[in-house]
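> starting from these lines, generate the structure:
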Amino acid sequence: MVKERAFWLAWSQLHGVGPILLKRLQQQFGTLSTAWSAKASALMAVEGVGQQSAEAIVAQRQQYDPETFLAEHEQANPDFWTPADADYPRLLLEIPDPPAVLYYQGLVDLQENLGQVPMIAIVGTRSPSEYGRRWTRRLSSALAKQGFTVVSGLAQGVDTEAHRSCLQVGGRTLAVVGTGVDVVYPWSNRQLCQQVMAQGLVLSEYPAGTQPDRVHFPRRNRIIAGLSRATLILEAPERSGALITAHLANDYGRDVYVLPGNSDNPRSLGCLKLWNNGAQGILGEDHLLDLLGTLPQLPPSAAKSVPDQIALPFDLPVDLTQVLQALTEIAQRSQNDAVQLDQLAPVTNLNAGEISSALLQLELMGLVVQLPGMRYQRH
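Next comes the predicted model:
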């Protein structure tokens, strides 16, 4: 997978190629290394790629040798994951636009990456009321004491209270930032950032040295939502960026909870609207923990061992056996029954067309079920 890692990095450098298009390229060609050598005419078969875009991609590719670029990039950015890496967070692979490169700094817990430690996002306004601050502290502390990992964005206000309260009770917290992991923003949180790295992780899709940019922060919200089993919104006005995180979490099929507030308080109006539209209200620490207790629970043991061969109900053609075996193994390793189509290519060494055909045949046989978002699970 080292080779494929280099191509995830190289593709991410091309102008006009974002996370959604990268997933489409992988699905079309099976691997990004195969897509790298595809002609413009072949690239145009990918949804969203026209002639002008395809020609621009071909021209830009000539500027990079992926493996050389990877070696150079690692000098300044030694710690990062791509979707080709086994340690890439599994929950992020479920979203339609996972970051091609995820940089990190701090203490890695691979149980989190496997989805075996539930992560909960807490976000909200940068200028909370005393009521909002108090409840952020209470809820963050309660979650940390129960073994949840708290995810937030290191911004002023609710984010700061969430990280700090989690750390004060010895909990673990992740900060997803809109800068490089070596750049602290806001500067007033520089000490807090150091504390987060000592007990958790700072994450970013931007390389070292990247300075704050207003467009980075809405984009990082999808990572916060994507990493988390549920998202809590604690005070948010109607135009708060926290509402972007809430809508993304909902789109990803994750639970959204809100702290009810006073209708006279403008900081609560965003939460009240979310509540009115179906988000669940938080009535206290015990109530929140009860709600989170309804999330599907993972086995208490560590990762299951994966057998060398999976028992099949009857003899299948070789390609169908490969796909069914890979589907089962990936689901067991990730502790997640639903597997993305593009996760199968590196394991089976089949191209996207062959995998799709095999999945269709397995579905007709009743051995596989297709879920929304091009996800599949063993029946």
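
> for the rest of this, base every contact and every neighbour count on C-alpha atoms.
Fine.

> which secondary structure element is home to residue 122?
According to DSSP states H and E, residue 122 maps onto strand 119-123.

> residues touching the residue nearest to the spatial centre of the chain, list them.
In the chain, the residue lying closest to the centroid (Cα atoms, centre = their mean) is residue 92, at 2.5 Å. Counting by Cα atoms under 8 Å, 6 or more residues apart in numbering, residue 92 makes contact with 98, 223, 226-227.

> cool, and residue 151?
119-122, 163, 173-176, 224, 228.

> just to revisit the earlier point, of the contacts of residue 92, which is the nearest to residue 320?
Residue 320 lies nearest to residue 98 out of those, by Cα to Cα, at 27.7 Å.

> ok but that closest one is inside a strand, no?
No: under DSSP: H, G, I helix; E, B strand; the rest coil, residue 98 sits outside any strand and is assigned coil.

> residues near it, how many?
Neighbour count of residue 98, defined by other Cα atoms under 10 Å: 24.

> and the residue nearest to residue 65 when sequence neighbours are not counted, what pLDDT?
Nearest residue to residue 65, sequence neighbours excluded (Cα to Cα, 6 or more residues apart in numbering): residue 10, at 7.9 Å. As predicted, residue 10 sits at a pLDDT of 97.

> what count of nearby residues applies to residue 10?
Neighbours around residue 10, by other Cα under 10 Å: 25.

> could you pull up phi and psi at it?
phi -60, psi -50 (degrees, to the nearest 10).

> surely it touches residue 72?
No: Residue 10 is beyond contact range of residue 72, at 11.5 Å (criterion: Cα atoms under 8 Å).

> grab the CA positions of stretch 148-162 and hand them over as CSV.
Only the C-alpha atoms of stretch 148-162 are listed here, as CSV (Å, rounded to 0.1, in the frame of the first residue of the first chain):
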residue,chain,number,x,y,z
PHE,A,148,-15.7,8.8,25.1
THR,A,149,-13.2,10.8,23.1
VAL,A,150,-14.3,14.4,22.6
VAL,A,151,-13.7,15.9,19.1
SER,A,152,-13.8,19.7,18.5
GLY,A,153,-12.2,22.4,16.4
LEU,A,154,-9.9,24.4,18.9
ALA,A,155,-11.8,27.6,18.2
GLN,A,156,-12.6,30.1,20.9
GLY,A,157,-15.8,29.6,22.9
VAL,A,158,-17.6,26.2,23.0
ASP,A,159,-14.6,24.4,21.3
THR,A,160,-12.2,25.7,23.9
GLU,A,161,-14.4,24.8,26.8
ALA,A,162,-15.0,21.3,25.4
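
> for the record, mean pLDDT for it?
Stretch 148-162 comes out with an average pLDDT of 97.

> now stretch 117-126
Rounded mean pLDDT across stretch 117-126 is 96.

> where does the prediction get shaky in this protein?
1-2, 296-315, 333-337, 372-374 (pLDDT under 70).
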